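>>> Predicted coordinates and the sequence they were generated for:
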Amino acid sequence: MLTIPCDMPFLPDDLPARLSAGLPGHAAALAASGGRVHPVCGLWRSEALADLQRYLDIGRRSVLGFAEAIGYAVVEGNPEAFVNVNTPEDLARAEARLV
């Protein structure tokens, strides 16, 4: 299952393929840039669903914590691609990148 957030408009088109290339031998592959993991940008094996239920049942909610619990690969990317748009100021900066 591919997960991507709706507030990252500059994600690269090849992100799914790059995550897929990092997946062998791991339960998940997560994007990272500039030394920071972006756990919502990930490719997850469907077999991890049972592990997710157990993780939630013990009261855990962290996406990164779940990835750590099941084992994940890091797929590095360009930091400019992982810009969040959460505020009016963020939106103005994102719009300026488009012109």
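Everything's here; your move. This is a predicted model, so every value here is computed, not measured.

>>> So what touches the host helix or strand of A17?
Following DSSP states H and E, one finds A17 within helix 15-22. For helix 15-22, the surrounding residues in contact (C-beta atoms under 8 Å, 6 or more residues apart in numbering) are 2, 4, 12, 29-31, 41-43, 73-75, 77, 81. For every residue, glycine as well, the C-beta is placed using N, CA and C.

>>> Serialize those residues to TSV and add fields for pLDDT.
Listed next are these as TSV, based on pLDDT from 0 to 100:
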residue	pLDDT
L2	97
I4	97
P12	96
A29	98
L30	98
A31	98
C41	98
G42	98
L43	98
A73	98
V74	98
V75	98
G77	96
A81	96
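
>>> returning to what we had before: show the average pLDDT along the helix holding A17.
The pLDDT scores in helix 15-22 average 98.

>>> which SS class is the nearest residue to T3 once chain neighbours are set aside?
Nearest residue to T3, sequence neighbours excluded (C-beta to C-beta, 6 or more residues apart in numbering): G42, at 5.2 Å. Following DSSP: H, G, I helix; E, B strand; the rest coil, G42 is assigned to strand.

>>> If I follow the layout properly, G42 ends up in contact with A27?
No. Counting by C-beta atoms under 8 Å, G42 sits too far from A27 to count as a contact (10.3 Å).

>>> The two: which is more packed in?
Per other C-beta atoms under 10 Å, whichever of G42 and A27 has more neighbours is G42, with 26 against 17.

>>> picking up where we left off before, can you pull the residues that touch both of G42 and A27?
67, 72.

>>> Buried ones in the helix holding A17, by neighbour count?
Buried residues in helix 15-22, counted by 16 or more other C-beta atoms under 10 Å: 15, 18-19, 22.

>>> List the residues that contact A31.
15, 18-19, 37-38, 41-42, 75, 77, 82.
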